[in-house]
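[1] here is a sequence together with a model predicted from it:
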Amino acid sequence: MSTDELKKTPGANGFIRTLSILAAAAVVALVVIYPRAVATDGASVPHGWFVLMMMGMSICWICGFGFTPENRWLRRLLSLPVGWTMLLIGAWQVFS
């Protein structure tokens with residue numbers, strides 16, 4: 001589905017944006033409230049995967065609140081498919 005089609009269907013776009021904000025909020029809440037879920041101590045944090053998960057979470061926040069860059073390269077980089085992929089792969093590696 002292209003971005004033009006999503007703009008024509010505000011219900012689907014609103015649902016996806018809301019879902020992205022909720023996923024990002026869930027990651028923030030888990031990491032802030034229960035950091036032991038990520039690692040038992042500061043030395044055993046999987047930093048590379050954790051950074052990937054946090055970058056995906058940030059992109060989900062950006063897209064969830066409706067920000068769309070004008071630059072086409074940034075628009076591709078800060079898109080929901082990229083954010084969700086980064087968030088899911090990072091979470092899978094961090095929490096498994």
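    Looks like it arrived, so ask away. Numbering: from 1, shown residues only.
[2] W61: what's its closest spatial neighbour, skipping adjacent residues?
    Nearest non-adjacent residue to W61, counting by C-beta to C-beta, 6 or more residues apart in numbering: A24, 4.8 Å away. From N, CA and C alone the C-beta is placed, and that goes for glycine too.
[3] helix or strand with the lowest mean pLDDT in this structure?
    The weakest-scoring helix or strand in the chain, judged by mean pLDDT, DSSP states H and E, is helix 3-8 (a mean of 53).
[4] helix or strand next in line after that helix, which one?
    Next along the chain after helix 3-8, taking DSSP states H and E as the criterion, comes helix 10-33.
[5] for that next one, packing partners?
    Here helix 10-33 touches helix 3-8, helix 47-64, helix 80-95, going by 3 or more C-beta pairs under 8 Å, 6 or more residues apart in numbering; DSSP states H and E.
[6] mind putting those in a markdown table, mean neighbour count included?
    As requested, these are exported to a markdown table (neighbours: other C-beta atoms under 10 Å):
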| stretch | mean neighbour count |
| --- | --- |
| helix 3-8 | 11 |
| helix 47-64 | 19 |
| helix 80-95 | 17 |
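[7] can you redo those as JSON lines with distance to V31?
    Below are those laid out as JSON lines (distance: least, C-beta to C-beta, whole Å):
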{"stretch": "helix 3-8", "distance to V31": "29"}
{"stretch": "helix 47-64", "distance to V31": "8"}
{"stretch": "helix 80-95", "distance to V31": "9"}
